[in-house]
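Visitor: Attaching a predicted model along with its sequence, questions to come.
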Amino acid sequence: MSKDSIEDRLAIRERIEAYSDAVFRRDATDWIANWSDEAVWRLPGLEVSGKPQILAAWTQAMDGFDLAGFFATPGMIEVDGATARARVYTQEVLVGRDGKVLRIVGVYDDRLDKTGGAWLFTERSYTVLHAQ
């Protein structure tokens, strides 16, 4: 099974929280800092590889919203040395430029690597569980 420590699990939770906080603040610099250089981001109908491409996709998506509320709750974290897997449940409240509100419940299946002492996302695969 896992060879994890409380410190690693806490650092991964803090990475998840930093990601969520950056979305709320629409801070592209802080948001992309959560990713490794060669990361892969999978969304329904889209797969993006590499930090510059991931940042461009995120920036384009965020341009469509006046508000992006992003709440994240870890469901599972497994650490094995310098690699980890996590499952993160999300609730999003997105207010479009037209004022329409979209509410989404989803889940990220994540992989992270510990690089230079920091845990970074190497893969985030998102699934929509419910949208209204």
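Guide: Alright, I've got the coordinates. This structure is a prediction, so every number in the text was calculated from the model and none was measured. Numbers count the residues shown, from 1 in each chain.

Visitor: Give the buried residues for the strand or helix carrying residue 13.
Guide: Using DSSP states H and E, the element containing residue 13 is helix 6-25. Residues of helix 6-25 classed as buried by neighbour count (16 or more other CB atoms under 10 Å): 8, 9, 11, 12, 13, 15, 16, 19, 20, 22, 23. C-beta here means a position set from N, CA and C on the backbone, and glycine is covered the same way.

Visitor: what does it rub up against?
Guide: For helix 6-25, the external contacting residues (CB atoms under 8 Å, 6 or more residues apart in numbering) are 28, 30-31, 33-34, 68-72, 74, 77, 79, 84, 86, 88, 112, 114, 118-121.

Visitor: try 7 Å this time
Guide: Outside helix 6-25, the residues that touch it by CB atoms under 7 Å, 6 or more residues apart in numbering are 30-31, 34, 68-72, 74, 77, 79, 84, 86, 88, 112, 119.
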